[in-house]
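Student: please work out how this folds:
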Amino acid sequence: MLRDAVRSLAEAKIAPYAAAVDEEARFPQEALDALVANDLHAVHVPEEYGGAGADALATVIVIEEVARVCASSSLIPAVNKLGSLPVILSGSEELKKKYMTPLAKGDAMFSYCLSEPDAGSDAAGMKTRAVRDGDTYVLNGVKRWITNAGVSEYYTVMAVTDPAKRSKGISAFVVEKSDEGVSFGAPEKKLGIKGSPTREVYLDNVRIPADRMIGEEGTGFATAMKTLDHTRITIAAQALGIAQGALDYAKGYVQERKQFGKPIADFQGVQFMLADMAMKIEAARQLTYAAAAKSERGDSDLTFQGAAAKCFASDVAMEVTTDAVQLLGGYGYTRDYPVERMMRDAKITQIYEGTNQVQRIVMARNLP
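Tutor: Numbering: from 1, shown residues only. Predicted coordinates:
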């Protein structure tokens with residue numbers, strides 16, 4: 001029922017704008033409005049804060065179905081979870097009430113600020129500082145590659161509180177867009193997901209109350225990594241949706257397109273491509289859903305499973321979308337058809353929330 005409801009909504013209210021959102025590189029406001037109106041913009045927020053209280057699998061299905069028609073729009077529910085999960089996992093009850101309630105209502109979005117110009121895969125090498133001053137902290141630094149920056153009202157920011165302790169000297173904070181000293185860089189000009197703004201976040205003497213720290217001082221990096229164990233599965237879901245959308249489109253096309261007097265779907269070479277695409281998508285789906293169940297239960301092998309789902313599903317998405325372009329031939333290479341957009345959108349799923357090379361390191365270190 002959930003899948004049918006999200007698919008109907010996505011096809012009616014999100015799909016019609018997907019090409020224009022990509023072409024104009026603009027935020028998918030229509031998608032946000034439709035998701036908020038149907039309480040699908042942040043389904044993971046617990047019921048006690050006014051949220052839908054969806055479990056990890058339901059959240060994955062929502063993201064998958066939105067990504068099937070528009071990857072940029074699927075970053076709304078995905079990044080709302082990424083940005084707010086540190087508060088849910090480690091925040092005080094006051095912090096949860098204060099920030100989860102407007103998120104659940106759709107009054108605000110939440111972004112996640114971990115990466116920096118010189119700290120990508122080596123996130124512990126960050127330079128952003130948070131210095132205690134009485135009952136406040138003063139933050140200075142630059143965060144890079146921040147999804148939905150400038151649109152989101154709230155930001156989970158990782159900053160160094162004790163430089164001598166490296167990863168154990170990092171703390172997490174909630175920063176608000178309206179805080180004095182917060183500003184944003186120009187939107188990045190990207191290959192794909194053009195409807196989701198990616199910008200730098202500048203913190204220039206941003207003074208925030210000490211009670212906006214998420215968890216204890218020095219626990220920020222551990223919270224950041226624990227968050228990624230859960231949210232990498234949402235990237236797997238996104239990759240899955242993109243791949244499914246590409247297969248669905250290609251499947252319809254090959255039945256219509258005739259060459260040598262018959263639909264190209266009748267040729268074995270084409271059938272084998274479609275069979276491989278469908279098989280790999282199904283394998284990725286099973287891995288992703290199993291990882292979502294582990295996320296919900298908090299299983300001990302979640303770190304491995306989350307990395308495996310993200311890595312496998314995103315590699316499949318890249319392969320499937322590339323094959324979809326191939327199946328459409330010259331048409332696949334034009335912007336009149338959606339598969340080239342899907343191919344461009346798929347690429348980022350192999351990169352963000354930890355490159356697939358880093359996922360393989362994570363898996364190797366956490367072999368079940």
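Student: run through the residues that contact the residue nearest to Lys280 when sequence neighbours are not counted.
Tutor: The shortest distance from Lys280 to any non-neighbouring residue, by Cβ to Cβ, 6 or more residues apart in numbering, is to Val316 (4.6 Å). The way it works is simple: take the backbone N, C-alpha and C, and place the C-beta from them, glycine included. Taking Cβ atoms under 8 Å, 6 or more residues apart in numbering, we find Val316 in contact with Ala239, Leu240, Ala243, Lys280, Ile281, Ala283, Ala284.
Student: host element of Val316?
Tutor: helix 302-327 (DSSP states H and E).
Student: and what of Met343?
Tutor: Secondary structure from DSSP H and E places Met343 in helix 339-348.
Student: show me what that helix is packed against.
Tutor: Other helices and strands packing on helix 339-348, by 3 or more Cβ pairs under 8 Å, 6 or more residues apart in numbering; DSSP states H and E, are helix 15-24, helix 71-90, helix 220-256, helix 302-327.
Student: one more pass at 10 Å, please.
Tutor: The contact analysis (3 or more Cβ pairs under 10 Å, 6 or more residues apart in numbering; DSSP states H and E) places helix 339-348 against helix 15-24, helix 56-69, helix 71-90, helix 220-256, helix 302-327.
Student: domain-wise, how is this structure divided?
Tutor: Domain assignment of the chain by automatic domain parsing yields the ranges 2-105, 110-218, 221-365.
Student: now mean pLDDT too, for those, in TSV please.
Tutor: Formatted as TSV, the domains of the chain follow (pLDDT from 0 to 100):
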stretch	mean pLDDT
domain 2-105	98
domain 110-218	98
domain 221-365	98
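Student: from the centroid of the protein, which residue is nearest?
Tutor: Among the residues of the chain, the one closest to the centroid is Ala78, at 4.3 Å (Cα atoms, centre = their mean).
Student: coming back round to it: distance from the chain centre to the helix holding Val316, please.
Tutor: In terms of Cα atoms, centre = their mean, to the nearest Å, the centre of helix 302-327 is set 14 Å apart from its chain centre.
Student: and it, which residues are buried?
Tutor: The neighbour-count check on helix 302-327 (16 or more other Cβ atoms under 10 Å) flags 302-325, 327 as buried.
Student: same question, stretch 43-62
Tutor: 43-45, 49-52, 54, 56-62.
Student: for stretch 99-117, same thing?
Tutor: Those would be 99-106, 108-116, for stretch 99-117 by 16+ other Cβ under 10 Å.
Student: in contact with the closest residue to Ala10 other than its chain neighbours, which residues?
Tutor: The shortest distance from Ala10 to any non-neighbouring residue, by Cβ to Cβ, 6+ apart, is to Val69 (4.7 Å). For Val69, the contact set (Cβ atoms under 10 Å, 6 or more residues apart in numbering) comprises 7, 9-18, 31, 241-242, 244-245, 248, 338, 342.
Student: then Asp204?
Tutor: Applying Cβ under 10 Å, 6+ apart to Asp204 gives the contacts Leu139, Asn140, Gly141, Val142, Glu180, Gly181, Val182, Ser183.
Student: also Ala12?
Tutor: Taking Cβ under 10 Å, 6+ apart as the criterion, Ala12 is in contact with Ala34, Val69.
Student: if you set the cut-off to 7 Å instead, what comes out?
Tutor: Going by Cβ atoms under 7 Å, 6 or more residues apart in numbering, Ala12 touches no other residue.
Student: quick check: it vs Ala37, distance?
Tutor: Per Cβ to Cβ, to the nearest Å, Ala12 is found 12 Å from Ala37.
Student: and Ile361, what element?
Tutor: Using DSSP H and E, the element containing Ile361 is helix 356-365.
Student: helices and strands around that helix, which ones?
Tutor: Contact partners of helix 356-365 among helices and strands, from 3 or more Cβ pairs under 7 Å, 6 or more residues apart in numbering; DSSP states H and E: helix 302-327.
Student: let me know whether Ala78 touches Gln238 as I believe.
Tutor: Yes: Ala78 is within contact range of Gln238, at 6.0 Å (criterion: Cβ atoms under 7 Å).
Student: find residues that contact each of those two.
Tutor: Ile63.
Student: from the structure, what's the count of residues near Leu191?
Tutor: 11 (other Cβ atoms under 10 Å).
Student: how much space between the closest residue to it other than its chain neighbours and Gly181?
Tutor: Nearest residue to Leu191, sequence neighbours excluded (Cβ to Cβ, 6+ apart): Arg344, at 5.1 Å. As judged by Cβ to Cβ, Arg344 and Gly181 stand 35 Å apart.
Student: now Ala159
Tutor: 13 Å.
Student: more neighbours: which of the two?
Tutor: Taking other Cβ under 10 Å, Ala159 and Gly181 do not tie; Ala159 has more neighbours (27 against 15).
Student: let me know the outermost residue of this structure.
Tutor: The chain, farthest from centre, Cα atoms, centre = their mean: Gly261 at 44.0 Å.
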